[in-house]
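Chemist: sequence first, then the predicted structure:
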Amino acid sequence: MSPGQNRPTPFTAERYLNLETYRRTGQAVATPVWFVVDDGIIYVYSLADAGKVKRIRNNPRVRIAPCDVRGALKGAWVDATARIVDERETLKAHALLREKYGWMKRVADLFRKIRPRPRVVIAIST
């Protein structure tokens, strides 16, 4: 088990997670995301003004399922709760994501420096 994954979840070995959030109308919107598990908490990051972030701020109820890079499900949906984390947890989550995704996350971080836009980290609890 790699660092940052000290309490396994059904998602620990997966590379992508489908994050389903809900519009005010109740319509579900699923988005494949990178994620990392730390002590049973699943962390993902996103642009702060992304639709999924707005939807989570309005309704913390989400569903998650393992998926491939295109969002095709590889397992069952699980009900969960999401929240936007503080700066301390954000730094920890980004370090864990860099460890898990290696050069791909480092390239994403480079683009973030070239084109800075506010980002947030979302913590998901099942």
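Modeler: Yes, it's here.
Chemist: now do the longest helix along the chain: distance to the chain's middle.
Modeler: In the chain, with assignment by DSSP state H, the single longest helix is helix 87-101. Offset of helix 87-101 from its chain centre (CA atoms, centre = their mean, to the nearest Å): 11 Å.
Chemist: per-residue confidence at the closest residue to D79 other than its chain neighbours?
Modeler: Once flanking residues are discounted, D79 sits nearest to R63: 5.7 Å by CB to CB, 6 or more residues apart in numbering. (Glycine included, C-beta is placed from N, CA and C.) Here the pLDDT value assigned to R63 is 97.
Chemist: quick check: next helix or strand after whichever strand or helix holds R63?
Modeler: In this structure, R63 is located in strand 61-67 according to DSSP states H and E. Once strand 61-67 ends, the next helix or strand along the chain (criterion: DSSP H and E) is strand 78-84.
Chemist: what packs against that next one?
Modeler: Where contact means 3 or more CB pairs under 8 Å, 6 or more residues apart in numbering; DSSP states H and E, strand 78-84 is packed against helix 51-58, strand 61-67, strand 119-125.
Chemist: beta partners for the most centrally placed residue in the chain?
Modeler: Nearest to the mean C-alpha position of the chain, counting by CA atoms, centre = their mean, stands V44 at 2.0 Å. For V44, the beta-bridge partners are I122 (DSSP bridges).
Chemist: so it sits right up against P32, yeah?
Modeler: No: the pair V44 / P32 is not scored as a contact, 10.1 Å apart, by CB atoms under 8 Å.
Chemist: now do the shared contacts for those two.
Modeler: L17, L19 (CB atoms under 8 Å, 6 or more residues apart in numbering).
Chemist: on that earlier part again, dump the helices and strands packed on strand 78-84 to TSV, plus mean neighbour count.
Modeler: Listed next are those as TSV, based on neighbours: other CB atoms under 10 Å:
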stretch	mean neighbour count
helix 51-58	17
strand 61-67	20
strand 119-125	19
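Chemist: so which of the ones you listed is nearest E20?
Modeler: For the helices and strands packed on strand 78-84, proximity to E20 was assessed by CB to CB; strand 61-67 is nearest, at 4.2 Å.
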